[in-house]
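**Student:** Have a look; sequence and predicted model below, questions after that.
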Amino acid sequence: MRRVMIIGQPGSGKSTLARTLGEITYLPVAHIDHIHWKSGWVERDRAEKGRLCAEVHARPAWIFEGGHSRTWPERLERADTLIWLDFPLWLRVWRVVKRTLLHYGRTRPDLPEGCPERFDPEFFRWIWNTRKTGRAGCQALYTTCPDQKTKVRLSSPAQVRAYLSGLREAVAVGNLGIPHR
């Protein structure tokens with residue numbers, strides 16, 4: 001496990017999982033929102049996002065969470081592990097509301113400075129409007145993932161906890177080739 005790609009729809013827990021995996025494995029974490037947004041909620045242009053994603057892909061080790069699906073083929077090609085967080089809409093919306101309330105007016109760790117958390121009706125519409133197409137895109141990537149890669153689909157918080165517990169054990173006994181600190 002050296003390059004981990006995490007996908008899922010908004011509110012599925014990609015950023016939280018990436019941070020926890022980084023703590024367990026000591027692999028560097030990249031958040032797509034740092035690439036997608038500049039300070040002040042200014043969206044980067046497509047070419048710049050593609051270039052920044054390619055820079056992450058080229059690194060020898062990473063945990064890269066998030067979208068920008070145009071770059072998923074290149075990311076998957078470099079990844080050795082694909083994790084799909086496939087959670088129901090109601091749970092994802094609840095999590096987005098919860099994180100908005102928890103961080104309201106402040107910048108979350110997975111966002112660039114100058115992007116304070118806020119209630120954004122457009123974002124909630126986007127979550128609703130892409131509930132089927134977004135999941136279909138994740139499922140297509142997961143289904144076509146080459147057999148030599150490790151594929152993990154987690155569809156409940158209990159499955160995530162069990163996965164992380166197993167990973168902690170594997171790292172502790174040296175079964176992942178990750179140095180124990």
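**Tutor:** Looks like it arrived, so ask away. Residues are numbered from 1 along each chain as shown.
**Student:** Now do the SS call for residue 106.
**Tutor:** The local conformation at residue 106, judged by DSSP: H, G, I helix; E, B strand; the rest coil, is coil.
**Student:** contacting residues around it?
**Tutor:** By C-beta atoms under 8 Å, 6 or more residues apart in numbering, the residues touching residue 106 are 116-117. Just so you know, the C-beta spots here come from the backbone N, C-alpha and C atoms, and that holds for glycine as well.
**Student:** Tell me the predicted confidence for the most centrally placed residue in the chain.
**Tutor:** Per C-alpha atoms, centre = their mean, the C-alpha nearest to the average position across the chain is that of residue 65, at 2.5 Å. On pLDDT, residue 65 comes in at 94.
**Student:** can you check the one 4 residues further on too?
**Tutor:** Reported pLDDT at residue 69 in the predicted model: 79.
**Student:** which residues of the protein fall in strands?
**Tutor:** 3-8, 29-31, 37-38, 42-43, 62-65, 81-85, 150-154 (DSSP state E).
**Student:** Let me have those in TSV, extended by distance to residue 136.
**Tutor:** Shown next, in TSV, are those (distance: least, C-beta to C-beta, whole Å):
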stretch	distance to residue 136
strand 3-8	12
strand 29-31	23
strand 37-38	25
strand 42-43	24
strand 62-65	19
strand 81-85	12
strand 150-154	14
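**Student:** most tightly surrounded among the ones you listed?
**Tutor:** Neighbour counts (mean count of other C-beta atoms under 10 Å) averaged over each of the strands of the chain peak at strand 62-65, with a mean of 26.
**Student:** From the contact counts, what lies against that strand?
**Tutor:** Strand 62-65 sits against strand 3-8, helix 14-25, strand 29-31, helix 46-58, with contacts defined as 3 or more C-beta pairs under 8 Å, 6 or more residues apart in numbering; DSSP states H and E.
**Student:** Relative to that strand, what are the paired strands and their orientations?
**Tutor:** If you go by DSSP bridges, strand 62-65 pairs up with strand 3-8 (parallel), strand 29-31 (parallel).
**Student:** Select, out of those, the one closest to residue 69.
**Tutor:** Ranking the strands paired with strand 62-65 by proximity to residue 69 (C-beta to C-beta) places strand 3-8 first, at 8.5 Å.
**Student:** okay, the angle between the closest one and strand 81-85?
**Tutor:** Angle between the axes of strand 3-8 and strand 81-85 is 20 degrees (criterion: axes from the mean of the first three to the mean of the last three C-alpha atoms, to 10 degrees).
**Student:** ok, and what's touching strand 3-8?
**Tutor:** Here strand 3-8 makes contact (C-beta under 8 Å, 6+ apart) with 14, 17-18, 21, 25, 27, 59, 61-67, 72, 75-76, 78-87, 138, 141-142.
**Student:** again, but for stretch 121-129
**Tutor:** For stretch 121-129, the external contacting residues (C-beta under 8 Å, 6+ apart) are 9-11, 89, 92-93, 96.
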